[in-house]
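**Student:** please work out how this folds:
(one chain, ligands or ions: 1)
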Amino acid sequence: MKKIVVGLAVMLGFCTCTHKPSGTLDVNKALDYCAAQAQRTLTELKTDSGIDYTMMPRNIMADEHHWNCRKATKEEWCAGFWPGVLWYDYEYTQDKHILEEAKKFTNSLEFLSQIPAYDHDLGFLVFCSYGNGYRLTKNPAYKKVILDTADSLSALFNPVVGTMLSWPREVEPRNWPHNTIMDNMINLEMLFWAAKNGGNPYLYDIAVSHADKTMKCHFRPDYTSYHVAVYDTISGNLIKGVTHQGYADSTMWARGQAWAIYGYTVVYRETKDPKYLDFAQKVTDVYLERLPEDKVPYWDFDDPSIPNAPRDASAAAVVASSLLELSTYLPNGTGKRYRDAAVEMLTSLSSDNYQSGKSNPSFLLHSVGHWPAHSEIDASIIYADYYYIEALLRLKRLQEGKNVIK
Ligand code: GLY
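**Tutor:** The predicted structure follows:
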């Protein structure tokens, strides 16, 4: 039976990695690999007229070998990840050429700080790019872009509901008067940063309010999350929890849960309120308990076609990165459990089962973007690479006895 199942999955092209992660993870080797793949990408992006710095690598489908790039527009939520990858690559290599390329791709996103918020993805777009850029260069122009963008993002906050509206464009067509998606937790980091770096202190308050309301309404009793919470704008009450990118309204979409784990870890970092530390552990534990052996989740934990469903390496990378941080806030026993789990995830991701290697210039294979829309299934996707290199750098810092967060 197992043979038939594996054969079917191979025919479908999905990863059939059911074994435990093996071997020891060599972090420098994995980071060297990332640096080489990033250089491959830069070489591929170069045409006779040079590089178009407004075109950002987005995905490589399972049957393709080169990046599909998308123009950096307000609608392209992934446009900040490639500049972010280059900043992390520069942090590791200290290569001045990579620094120059990171700056040029980052500059293509400046317009986002000068227009009204299109949707909540501004944190992904601007904090992965300008946030890392400012962290590494202290360029005051970068700081201004982040502060202006945080102000724009705050316009999506609804004080009656207490959260930010994620998708203004979905209010009317779906009759979702105020919709907040779990992914929105990631955008809080930029608000916290802005509040303590010269921005309006109100940004801190709305980030905390968003985290509190999400904690109250966006999870089931077992701490698994809905993708979308729909709220009433008059009462502020939850109308319903539904899905957009998961298998069904009632299921645990892997990347949604990953955003929750990452998000509440950041909220604890920024507030030091133990209720968020406790909550981050609860949303982590339900995720860890249900992982397959190699610690890379199926794209949705409740897809009935498991074990023939595709994995989502992007969720594994997001969770690995956040668990390395979370582990540092906990006493030895629990902290070590999370750190060990993160290392197992990174060991799997760094194996031939998940690294793209020669097949394409991304870092990782086997992510799922939007299954219900039949989009980016079992693909290389830029945000998987971003969180993978972030996690590797965090692990390197931990191994060197340094703080995970600089
Ligand atoms: N923010 C959309 C996603 O995680 O796919």
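**Student:** Y268 - how many residues pack around it?
**Tutor:** Y268: 22 surrounding residues under other CB atoms under 10 Å. Backbone N, C-alpha and C define where each C-beta goes, glycine included.
**Student:** swap in the one 4 residues further on?
**Tutor:** Each residue near K272 was counted by other CB under 10 Å, and the total is 10.
**Student:** how about the residues of the stretch 51-200 of the chain near the ligand?
**Tutor:** 77, 183 (CB under 6 Å from any ligand atom).
**Student:** got the contact list for N197?
**Tutor:** 143, 146-147 (CB atoms under 8 Å, 6 or more residues apart in numbering).
**Student:** what's the answer for H244, then?
**Tutor:** 181, 227-228, 372.
**Student:** how about R255?
**Tutor:** 183, 245, 299, 312, 314-315, 318, 368.
**Student:** one more: T243?
**Tutor:** 226-228, 249, 251, 253, 372.
**Student:** likewise R290?
**Tutor:** R290 touches 252, 297, 301, counting by CB under 8 Å, 6+ apart.
**Student:** in CSV, list the residues you listed along with distance to S356, pLDDT and secondary structure.
**Tutor:** As requested, those are exported to CSV (distance: CB to CB, whole Å; pLDDT from 0 to 100; DSSP: H, G, I helix; E, B strand; the rest coil):
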residue, distance to S356, pLDDT, secondary structure
M252, 27, 98, coil
P297, 19, 98, coil
F301, 25, 98, coil
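**Student:** closest one of these to Y262?
**Tutor:** P297 (14.1 Å; CB to CB).
**Student:** tell me if I'm right that the closest one and A313 touch.
**Tutor:** No. The pair P297 / A313 is not scored as a contact, 9.1 Å apart, by CB atoms under 8 Å.
**Student:** higher neighbour count, those two?
**Tutor:** More crowded of P297 and A313, by other CB under 10 Å: A313, with 32 against 29.
**Student:** what number of residues lie near the nearest residue to A373 once chain neighbours are set aside?
**Tutor:** Using CB to CB, 6 or more residues apart in numbering and skipping the chain neighbours, the partner closest in space to A373 is Q245 (7.9 Å). Q245 has 22 neighbouring residues, counting by other CB under 10 Å.
**Student:** helix/strand/coil for Q245?
**Tutor:** Secondary structure, DSSP: H, G, I helix; E, B strand; the rest coil: Q245 is coil.
**Student:** now A229
**Tutor:** strand.
**Student:** quick revisit: from the contacts of R290, which is closest to K103?
**Tutor:** P297 (35.0 Å).
**Student:** list the contacts for the closest residue to the ligand within the stretch 101-250 of the chain?
**Tutor:** Closest approach between the stretch 101-250 of the chain and the ligand, counting by CB to the nearest ligand atom: D183, at 3.8 Å. Going by CB under 8 Å, 6+ apart, D183 touches 120-121, 124, 166, 255-256, 259.
**Student:** helices - which of the residues you listed land there?
**Tutor:** 255-256, 259 (DSSP state H).
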